[in-house]
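Student: what follows is a protein structure lacking sequence information:
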């Protein structure tokens, strides 16, 4: 069975049944639900995010999935304290790159982690440079729209390369760092299109590209047509790292 980068990272880092896990910047709960499967009925997951609408969506998904071992709380990530509980692990995906002071946030979160507890983070890097087996101008255009939008929102699009160093700076004992390119060209896998569809309002509101330029109704087909004969395209690179809270 194919496991995506996030699930492999969590499994390899040591998320196992029975753990109590905090998911920071949980959004609509995508990572929280992966963790909930890994910790099982004997474990618990708490997802936190500052976005009220995202938390409401995550809570709705939990109800529909009858997922009793996960809960969601709206809170400021800079104010996470032991009041939420004591956790065996903290996870976060594509959240540190959006924070003004990720080191301070990670250092604060350590207070809610048990001694020797796990801290696992996944971040993206959009600066390493795109690669393709044949010229793919539409892929380049779409990738640049996404990168410009993310950067315009204040994210550090170079954060993936800095992940391990920032974790160490926050006082985490870093044990492992890995990176994997996001490959467009594995069957119908088309994360560029799905990303564009999800952030379309943000792209247009920032003036990065117009609805007419994007043509979202035909974009997926046009991207697939540009990748005939199993040609591949690499845009961003996913970085993952884990470490432990040091002993006092």
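Tutor: Arrived safely, thanks for sending. Predicted model, so just to flag it, every value in this text is computed and none were measured.
Student: beta partners of the spatially most central residue of the chain?
Tutor: For the chain, residue 93 is the residue whose C-alpha lies nearest the centre (CA atoms, centre = their mean; 2.8 Å). Taking DSSP bridges, one obtains residue 122 as the residues bridged to residue 93.
Student: thought it was touching residue 25?
Tutor: Yes. Using CB atoms under 8 Å, residue 93 is in contact with residue 25, at 7.4 Å. Heads up, the C-betas are built off the backbone N, CA and C, glycines and all.
Student: so residue 149, which of the three states?
Tutor: The assignment at residue 149 comes out as helix when based on DSSP: H, G, I helix; E, B strand; the rest coil.
Student: give the contact list for it.
Tutor: Residue 149 is in contact with 199, 202, 203, 206, 208, counting by CB atoms under 8 Å, 6 or more residues apart in numbering.
Student: count the neighbours of residue 202 for me.
Tutor: Burial of residue 202 is recorded as 14 neighbouring residues (other CB atoms under 10 Å).
Student: skipping adjacent residues, who's closest to it in space?
Tutor: Once its chain neighbours are removed from consideration, residue 202 has its nearest residue in residue 149; the separation is 5.6 Å (CB to CB, 6 or more residues apart in numbering).
Student: quick check on the contacts of residue 149: which are buried?
Tutor: Buried residues within the contacts of residue 149, defined by neighbour count using 16 or more other CB atoms under 10 Å: 199, 203, 208.
Student: if we can go back for a sec, distance-wise, check the residue nearest to the centre of the chain relative to residue 60.
Tutor: Shown here: residue 93 relative to residue 60, a distance of 20 Å by CB to CB, to the nearest Å.
Student: same check on residue 98?
Tutor: Going from residue 98 to residue 60 by CB to CB gives 23 Å.
Student: who's more crowded, these two?
Tutor: Neighbour tally, residue 98 and residue 60, criterion other CB under 10 Å: the higher count belongs to residue 98, 16 against 13.
Student: residue 157 is in contact with that one, correct?
Tutor: No. Judged on CB under 8 Å, residue 98 makes no contact with residue 157 at a distance of 10.4 Å.
Student: got the contacts of residue 149 as CSV, with secondary structure columns?
Tutor: What follows is the contacts of residue 149, written out as CSV (three-state DSSP):
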residue, secondary structure
199, helix
202, helix
203, helix
206, coil
208, coil
